[in-house]
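In: Predicted coordinates and the sequence they were generated for:
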Amino acid sequence: MFVVHVVASFFSKPQEDPTKMVDRYLYAMRLHDDQLSDISARFQAEMKKGLSEDSSAAAAMKMLPTHVCSTPDGSEKGEFMVLDLGGSKFKVLRVKVREGTGMKRGGVETEEKTYPVPKELHVGSGAELFDHVSESLKDFLHEKNISLEKKHPLAFTFSFPCEQTTLNQGLLLNWSKNFRARGLQGEDVVRALRGSIDRTGGVDVEVLAVVNDTVATMMTCGVDDQYCEVGLIGNCSAL
């Protein structure tokens, strides 16, 4: 009887409007200017610590060279394929970049499709994971009626820490986000991707760059805002 009474009491009370409830919670989480200034100072201090060879090992914010030497200035143009791998799903995109004219900055048009990554591929072999990626790329090209006869420039957003010596090469340092695919740690992920694309066949691409999601976010925002110089996702940052 007690449980029945509690349930009846709950449904008999007028329920709070969902929008007002969200606003109430957001209001409780607001930050004052002095708190924001303190967060900014701590953020910059950790970035400097991560950038220093002497203190990077102890830094909470790890900084890795990306070999991205400039942000968008509006002169970029072209059509590119993009692979975005970093979670339970990944995306294949076609990105068209328009060059700016006069005072008008360039623009970006995208077509994309999200593909699930089965859980067994998270812990299977790296070859199987990348074969799934390359097969999905081929499926996207077919679905969008994109020519398979010409070579497509491709960028690879790989949302895991890599050691890079060039823009289109990255050695996987360690997995995260519940990924533990075998045989890739310490290996060049671009080379692994090219191998899978060759096995799939019927697709001709040139991998121009591999970046993590933080850098990709910074570069994307830079198309619309030339003052964007920092990207932030979770506990990763890019400059």
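Out: On my side now, so go ahead.
In: and the gap between residue 53 and residue 171?
Out: 19 Å (CB to CB, to the nearest Å). Backbone N, C-alpha and C define where each C-beta goes, glycine included.
In: Would you mind telling me which of those two has the busier surroundings?
Out: residue 171 (17 against 6; other CB atoms under 10 Å).
In: Wait, a helix at the more buried one?
Out: No - assessed with DSSP: H, G, I helix; E, B strand; the rest coil, residue 171 is strand; it does not lie in a helix.
In: what residues are up against the closest residue to it other than its chain neighbours?
Out: Of all residues not flanking residue 171 in the chain, residue 163 sits nearest, at 4.6 Å (CB to CB, 6 or more residues apart in numbering). Counting by CB atoms under 8 Å, 6 or more residues apart in numbering, residue 163 makes contact with 64, 170-171, 173.
In: For the residue nearest in space to the middle of the chain, give me its contacts.
Out: By CA atoms, centre = their mean, the chain has its centre lying nearest to residue 213, at 2.5 Å. Residues near residue 213 by CB under 8 Å, 6+ apart: 84, 86, 157, 159, 233, 236.
In: Check the second one and give its pLDDT.
Out: Turning to residue 86, the model gives it a pLDDT of 85.
In: Compute the distance between it and residue 24, please.
Out: Taken as CB to CB, the span from residue 86 to residue 24 is 33 Å.
In: more crowded one of the two?
Out: For the pair residue 86 and residue 24, the greater number of neighbours falls to residue 86 (19 against 11), based on other CB under 10 Å.
In: Quickly note the distance from the more buried one to residue 69.
Out: Counting by CB to CB - residue 86 and residue 69 are separated by 23 Å.
In: one step back: which of the contacts of residue 213 sits closest to residue 115?
Out: The shortest gap between residue 115 and any of the contacts of residue 213 belongs to residue 84, at 10.1 Å (CB to CB).
In: now what about the helix or strand hosting that closest one, what contacts it?
Out: Assigned by DSSP states H and E, residue 84 belongs to strand 78-85. Here strand 78-85 makes contact (CB under 8 Å, 6+ apart) with 90-97, 117, 133, 137, 141, 146, 152-159, 193, 205, 208, 213, 216.
In: excluding its backbone neighbours, what's nearest residue 62?
Out: Distances taken as CB to CB, 6+ apart put residue 50 closest to residue 62, at 5.7 Å, once the chain neighbours are dropped.
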